[in-house]
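J.: sequence first, predicted model second:
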Amino acid sequence: MKAGFASLPFLILSAALACPSNSHYEICSSPCDTSCAGLSTRIQCTRNCFEGCECDEGHMSDGEACVPIERCGCVHEGLYLKAGESIFSNNCTEKCTCSRISSQLTCEKVNCTSGETCTCTDRVDGSGQGEGHCKISSEAQLNTFDGGSGHFLCSGVYDLALLCNDSAIPWFRVSVRIGEDSDDGPVVGEAIYVFFQDTFITVRNSKIWVNGRPVWLPYNKNAVSVRQIQDGTMVDLDSLVQVHLHHDGEVKVKVKEILAGKLCALCGNFNGDKSDDLKLPTGESEKDTAEFLHAWKAKDL
Ligand SMILES: [Ca+2]
């Protein structure tokens, strides 16, 4: 009887700390030493260590899994590519590929042939049918999902978009920190805070934290991915929501059509009608823009 009780905590601990292939549990693991991206780029990280899974000797994390060091990818203009991945750059005039065999980056000139067009698909500002697009410009002007515009944000932290009306869809919340530019210039998006189920992501100054811990990019776990793209940082929530913080402070939120009419906060309810976008957290309509903006200031950030 005594032995049975003694073994129970061990069983629970083992289940909680099951690590993926090519990794093992460490009580004090440093993320600085285990990332492929850290091999060739200077990434902000902490020397503090954390309890968690660490890649086995001879392996490093490529953002999704622990791979042999020789299978780590390449870095192109600050963007990490996994082995085998390609990227188009310089207005689609160049295609760079990270070799699956040598992990060396090779670039070649490309041209679209007749009938082909080159478009960016890795950005929030695409124009997919039925998607909602909300934006805070680098001058801090808000454009809602339904096309409402003309509201300018003062400094502070605001809730941009959150799920209000559907318990069947994973809950999320997107907030933004608006700060004054240091040269008395325009007010800009300084940081984004994204909540998705049990995950909390912070993006600030090109640094990323997940649940308070600094992470390497690309990050991909529990249907959340965070990656560096050419002009900023992209957070993707299970392909339902994408948030893009641009280097110049512009913030964009893209949502799937399934979220129509189910959202609230500054970006509006995404019901196709821009005239009813000024709603308070209580659901009441508000005619005073200043009151509307103030009501969506985050109380906890
Ligand atoms: Ca609306």
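T.: Yes, it's here.
J.: could I get the full set of strands for the stretch 151-300 of the chain?
T.: When assigned using DSSP state E, counting those that start in this stretch, the strands of the stretch 151-300 of the chain occupy the ranges 156-163, 172-180, 187-196, 199-204, 207-210, 213-214, 219-221, 224-229, 232-237, 241-246, 251-255, 263-264.
J.: for the ones you listed, give me TSV that also has mean pLDDT and mean neighbour count.
T.: In short, each C-beta sits where N, CA and C put it, glycine included. Shown next, in TSV, are these (pLDDT from 0 to 100; neighbours: other CB atoms under 10 Å):
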stretch	mean pLDDT	mean neighbour count
strand 156-163	95	22
strand 172-180	92	22
strand 187-196	89	22
strand 199-204	95	19
strand 207-210	93	18
strand 213-214	93	14
strand 219-221	91	15
strand 224-229	89	20
strand 232-237	93	22
strand 241-246	94	24
strand 251-255	95	25
strand 263-264	96	24
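J.: wait, Ser239 touches Lys256, no?
T.: Yes: counting by CB atoms under 8 Å, a contact exists between Ser239 and Lys256, whose distance comes to 7.1 Å.
J.: quick one: Asn220 and the ion, what's the gap?
T.: To the ion, Asn220 is 33 Å away according to CB to the ion, to the nearest Å.
J.: now the stretch 51-200 of the chain against the ion: closest residue?
T.: Per CB to the ion, the residue of the stretch 51-200 of the chain with the smallest distance to the ion is Asp146, at 4.0 Å.
J.: ok, now which ones touch the closest residue in space to Thr144 that isn't next to it in sequence?
T.: In space, not counting the residues next to it along the chain, Thr144 is nearest to Gly268; the distance is 3.7 Å by CB to CB, 6 or more residues apart in numbering. By CB atoms under 8 Å, 6 or more residues apart in numbering, Gly268 lies in contact with Cys134, Thr144, Phe145, Asp146, Gly148, Lys274, Asp276, Asp277, Lys279.
J.: would you write a PyMOL line that selects the buried entries of these?
T.: Filtering those down to the buried ones (16 or more other CB atoms under 10 Å) takes a single PyMOL command:
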select buried, resi 134+144+145+146+148+277+279
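J.: what bridges to Phe195?
T.: Partner residues in beta bridges with Phe195, using DSSP bridges, are Arg173, Phe200.
J.: re earlier: okay, Ser239 and Lys256: which has more neighbours?
T.: Lys256 (17 against 9; other CB atoms under 10 Å).
J.: pLDDT value on the more buried one, please?
T.: Note on Lys256: pLDDT of 93.
J.: in contact with it, which residues?
T.: For Lys256, the contacting residues are Gly130, Glu131, Gly132, Ser239, Leu240, Val241, by CB under 8 Å, 6+ apart.
J.: give me the distance between Phe292 and Asp277.
T.: According to CB to CB, to the nearest Å, Phe292 stands 9 Å off from Asp277.
J.: hang on, the earlier thing: between the contacts of Lys256, which sits nearest Asn90?
T.: Glu131 (27.2 Å; CB to CB).
J.: pretty sure that closest one contacts Val255?
T.: Yes: taking contacts as CB under 8 Å, Glu131 lies within contact range of Val255: 6.7 Å.
J.: now do the same contact list for the nearest residue to Cys264 once chain neighbours are set aside.
T.: Using CB to CB, 6+ apart and skipping residues adjacent in sequence, the residue nearest Cys264 is Cys164, 4.0 Å away. Residues near Cys164 by CB under 8 Å, 6+ apart: Lys262, Leu263, Cys264, Asn269.
J.: check those and tell me the two furthest apart.
T.: Top of the distance list for the contacts of Cys164 (CB to CB): Lys262 and Cys264, 8.5 Å.
J.: which neighbours do those two share?
T.: With contacts defined as CB under 8 Å, 6+ apart, the residues adjacent to both Lys262 and Cys264 are Cys164, Asn165.
J.: could you export stretch 248-263 as CSV, CA atoms only?
T.: Written as CSV, here are the backbone C-alpha positions of stretch 248-263 (Å, rounded to 0.1, in the frame of the first residue of the first chain):
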residue,chain,number,x,y,z
ASP,A,248,7.5,50.7,-38.6
GLY,A,249,4.8,50.2,-35.9
GLU,A,250,1.9,49.3,-38.2
VAL,A,251,-0.3,46.5,-36.7
LYS,A,252,-2.6,44.3,-38.8
VAL,A,253,-5.1,41.7,-37.7
LYS,A,254,-6.5,39.2,-40.2
VAL,A,255,-9.4,36.9,-39.3
LYS,A,256,-11.2,34.1,-41.0
GLU,A,257,-14.8,34.5,-42.2
ILE,A,258,-16.0,32.0,-39.5
LEU,A,259,-15.4,34.7,-37.0
ALA,A,260,-17.9,37.2,-38.6
GLY,A,261,-20.2,38.7,-36.1
LYS,A,262,-18.4,37.0,-33.2
LEU,A,263,-15.8,39.7,-32.3
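J.: brilliant, that's me finished.
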